[in-house]
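Chemist: Here is the input, now give the coordinates:
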Amino acid sequence: MAADKLSTRHLLGIKDINLNDIELIFETADNFKEVINRPIKKVPSLRDITIANIFFENSTRTKLSFELAEKRLSADVVNFAASSSSVSKGETLIDTVNNILAMKVDMVVMRHPYAGAGQFLSRHINAQIVNAGDGAHEHPTQALLDAFSIREKLGDVAGKKVVIVGDILHSRVAISNILCLQKLGAEVMVCGPTTLIPKHIAALGVKVEHDLMKALNWCDVANMLRIQLERMDIKYFPTGREYSMMYGLNKQILDSLDKEIVVMHPGPINRGVEITSDVADSKQSIILNQVENGVAVRMAVLYLLASQNDK
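Modeler: Model prediction:
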């Protein structure tokens with residue numbers, strides 16, 4: 001049985017939490033998953049809590065997922081999109097957040113293009129912070145929901161072999177996933193073109209493979225990442241077509257393996273690039289389970305952070 005309290009006041013990254021925290025989040029998410037499948041999906045757990053969603057970068061799924069999680073917990077929600085705000089007029093991050101805090105907000109869910117923005121903020125303001133992605137650094141709730149989905153599908157994460165395929169270099173999902181899976185006792189491999197694998201990633205204790213077929217034959221779970229064109233300042237591979245020929249997962253490849261592997265994708269999917277439609281929609285894919293689990297896991301995180309303030 002996990003402890004009944006998180007060891008940290010914020011959720012800034014997987015590296016800041018321990019195995020006990022992860023297990024507590026999963027046990028709490030199990031309960032919330034049951035709640036969101038009931039006819040009345042709301043619980044009054046965060047009725048007096050105000051949460052600000054501050055997104056300095058575009059987001060659809062994560063923002064919706066957090067907002068739904070907050071509303072399911074009966075929190076008051078304030079949404080803030082930086083692109084249409086005073087940030088575009090030159091206001092600094094601390095000014096923006098202090099203005100929001102002056103409106104008596106208890107918790108901030110923030111996505112920001114710069115790595116470490118959450119840590120910086122946590123040192124300057126009193127509200128609790130949940131990192132919804134900071135640059136190419138971390139995306140802790142995505143890693144938690146991915147690991148939760150593997151646990152749900154395969155019964156346990158410990159001892160499982162997980163390969164993360166694609167653009168590891170620009171991916172906050174990859175780093176958070178590696179740290180989370182390792183804490184839960186999984187073996188992790190990264191696979192992709194040399195240009196998209198960070199130089200010293202083996203120092204994290206992961207295997208590195210450049211041959212997709214070898215990686216797929218090794219793994220129990222394949223997490224297929226999106227090519228992040230918006231973060232690429234130079235060309236890392238010749239064409240999208242060549243990338244998908246080398247590292248794209250199609251039904252033919254899936255059926256040729258001598259075992260059934262689980263296929264995951266953090267979204268948004270570029271169908272026909274990293275994964276074809278028939279794979280995304282196949283019975284081996286748990287992509288939509290990940291989306292459903294995202295709400296339950298984020299409810300668990302928000303609830304556990306808020307409950308630390310109960311005196």
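Chemist: ok but Ala158 is inside a strand, no?
Modeler: No: assignment of Ala158 by DSSP: H, G, I helix; E, B strand; the rest coil gives coil, placing it outside any strand.
Chemist: Return the distance of it relative to Glu292.
Modeler: Plainly put, Ala158 is 23 Å away from Glu292 if you go by CB to CB, to the nearest Å. For every residue, glycine as well, the C-beta is placed using N, CA and C.
Chemist: between those two, who's got more neighbours?
Modeler: With neighbours defined as other CB atoms under 10 Å, Ala158 and Glu292 compare such that Glu292 has more, 17 against 11.
Chemist: Go through the helix or strand of the chain with the lowest mean pLDDT and flag the buried ones.
Modeler: Lowest on mean pLDDT, DSSP states H and E among the helices and strands of the chain sits helix 93-101, with a mean of 81. Within helix 93-101, the residues that count as buried by 16 or more other CB atoms under 10 Å are Leu93, Thr96, Val97, Ile100, Leu101.
Chemist: if I pick the first one, what's in contact with it?
Modeler: Spelled out, that is Leu93. Leu93 makes contact with Phe56, Val87, His112, Ala117, Phe120, Leu121 under the criterion CB atoms under 8 Å, 6 or more residues apart in numbering.
Chemist: Widest-spaced pair of those?
Modeler: Val87 and Phe120 (15.0 Å; CB to CB).
Chemist: What are the phi and psi values at Ile227?
Modeler: Main-chain torsions, Ile227, degrees, to the nearest 10: phi -80, psi 120.
Chemist: Any idea how many residues pack against it?
Modeler: Ile227, neighbours per other CB under 10 Å, totals 22.
Chemist: residues touching it, list them.
Modeler: Ile227 is in contact with Gly166, Asp167, Gly240, Tyr243, Asn270, Val273, Glu274, counting by CB under 8 Å, 6+ apart.
Chemist: Out of the residues you listed, who's the most crowded?
Modeler: Most neighbours among the contacts of Ile227, by other CB under 10 Å: Gly166, with 30 neighbours.
Chemist: how about the nearest residue to it, chain neighbours excluded?
Modeler: Leaving aside its chain neighbours, Gly166 sits nearest to Leu225 (3.5 Å; criterion: CB to CB, 6 or more residues apart in numbering).
Chemist: Was I right to think the one you found contacts Ile168?
Modeler: Yes: look at Leu225 against Ile168 with CB atoms under 8 Å: they come within range, at 7.2 Å.
Chemist: list residues touching both of these two?
Modeler: In terms of CB under 8 Å, 6+ apart, Leu225 and Ile168 are both contacted by the residues Ala174.
Chemist: Remind me which helix or strand Leu24 belongs to.
Modeler: Following DSSP states H and E, the helix or strand that holds Leu24 is helix 19-36.
Chemist: What lies in contact with that helix?
Modeler: Outside of helix 19-36, the residues within contact range by CB under 8 Å, 6+ apart are 2-8, 41, 43, 72, 144, 147-148, 151, 180, 183-184, 292-293, 295-297, 299-301, 303-304.
Chemist: which of those are buried?
Modeler: The neighbour-count test (16+ other CB under 10 Å) marks 6, 8, 43, 72, 144, 147-148, 151, 180, 183-184, 292-293, 295-297, 299-301, 303-304 as buried among those.
Chemist: Go through the chain and flag its longest helix.
Modeler: When the chain is parsed with DSSP state H, its longest helix is helix 287-307.
Chemist: what's the angle between it and helix 19-36?
Modeler: Computed by axes from the mean of the first three to the mean of the last three CA atoms, to 10 degrees, the angle separating helix 287-307 from helix 19-36 equals 110 degrees.
Chemist: tell me which strands and helices helix 287-307 is in contact with?
Modeler: The elements that helix 287-307 packs onto, with contact taken as 3 or more CB pairs under 8 Å, 6 or more residues apart in numbering; DSSP states H and E, are helix 19-36, helix 61-72, strand 107-112, strand 128-134, helix 140-154, strand 262-264.
Chemist: Adjacent strands (with direction) for the helix or strand just after the second one?
Modeler: Using DSSP H and E, the helix or strand that follows helix 61-72 in sequence is strand 76-81. With DSSP bridges as the criterion, the sheet partners recorded for strand 76-81 are strand 50-55 (parallel).
Chemist: So what angle separates the directions of the strand it pairs with and helix 93-101?
Modeler: Between strand 50-55 and helix 93-101, the angle comes out at 150 degrees (the same axes, to 10 degrees).
Chemist: And the contacts of strand 50-55?
Modeler: 63, 66-67, 70, 75-82, 96-97, 100, 103-111, 127, 132, 302.
Chemist: Low-confidence regions, the stretch 51-200 of the chain specifically.
Modeler: 83-90 (pLDDT under 70).
Chemist: one more time with 90
Modeler: Residues of the stretch 51-200 of the chain meeting the criterion pLDDT under 90: 56-60, 80-104, 113-114, 121, 123-126, 135, 170.
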